[in-house]
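Student: This is a predicted model, with the sequence first.
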Amino acid sequence: MKKNIVKHPNPHNCRVCNKGACCAEGVEVDLFEVARILKKPLDLKKPWFYFMGSDKEFPSGFKFSTILRDKRCVFQDSRFRCRIYEIRPRFCAEFPFENGEKAPYYHMLCHHMKKRRKK
């Protein structure tokens with residue numbers, strides 16, 4: 001399966017946030033992504049995902065989400081950094097975009113955006 005990852009017009013947008021707020025509520029993933037991630041040997045207690053249902057907007061037709069532990073995505077470490085960054089799901093790789101456009105919930109999830117709005 002070939003990944004179609006959107007290149008950010010300004011890559012700096014995603015380098016300013018070290019808090020991992022964009023995935024603190026879990027991440028929606030496709031069944032194919034689940035299979036790819038499950039192949040990675042990680043010293044993490046399972047389960048890592050839960051089934052959300054059928055969704056024709058996902059390539060496989062099935063939508064999952066990452067499990068939350070300690071109020072963050074199971075794949076975030078204690079510093080809120082991603083343990084699976086090199087094989088992260090499309091949602092993560094494209095953030096703050098969704099289907100080529102800025103995600104409608106960007107302002108709620110991006111730590112940098114929250115700081116900027118307070119000024």
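Tutor: Everything's here; your move. Given the structure is predicted, the values throughout are model-derived calculations rather than measurements.
Student: Look up how far Ile37 lies from the spatially most central residue of the chain.
Tutor: Centroid check for the chain by Cα atoms, centre = their mean gives Cys92 as the closest residue, at 3.3 Å. As defined by Cβ to Cβ, to the nearest Å, Cys92 lies at a distance of 11 Å from Ile37. For the C-beta atoms, the positions are set from N, CA and C on the backbone; glycine is no exception.
Student: And what about the residue nearest to the centre of the chain, helix, strand or coil?
Tutor: For Cys92, the assignment made with DSSP: H, G, I helix; E, B strand; the rest coil gives helix.
Student: how about it, what does it touch?
Tutor: Cys92 sits next to Cys22, Cys23, Val27, Cys82 when contact means Cβ atoms under 8 Å, 6 or more residues apart in numbering.
Student: tell me which element Tyr50 falls in.
Tutor: For Tyr50, the host element (DSSP states H and E) is strand 49-54.
Student: Check which residues of the helix or strand following that strand are buried.
Tutor: Sequence-wise, the next helix or strand downstream of strand 49-54 (DSSP H and E) is strand 62-66. By neighbour count on 16 or more other Cβ atoms under 10 Å, the buried set for strand 62-66 is Phe62, Lys63, Phe64, Ser65, Thr66.
Student: Stretch 86-102 too?
Tutor: Ile87, Arg88, Pro89, Arg90, Phe91, Cys92, Ala93, Glu94, Phe95, Pro96, Phe97.
Student: what residues does stretch 64-83 touch?
Tutor: 18-21, 23-31, 34, 42, 44-45, 47-52, 84, 88, 92.
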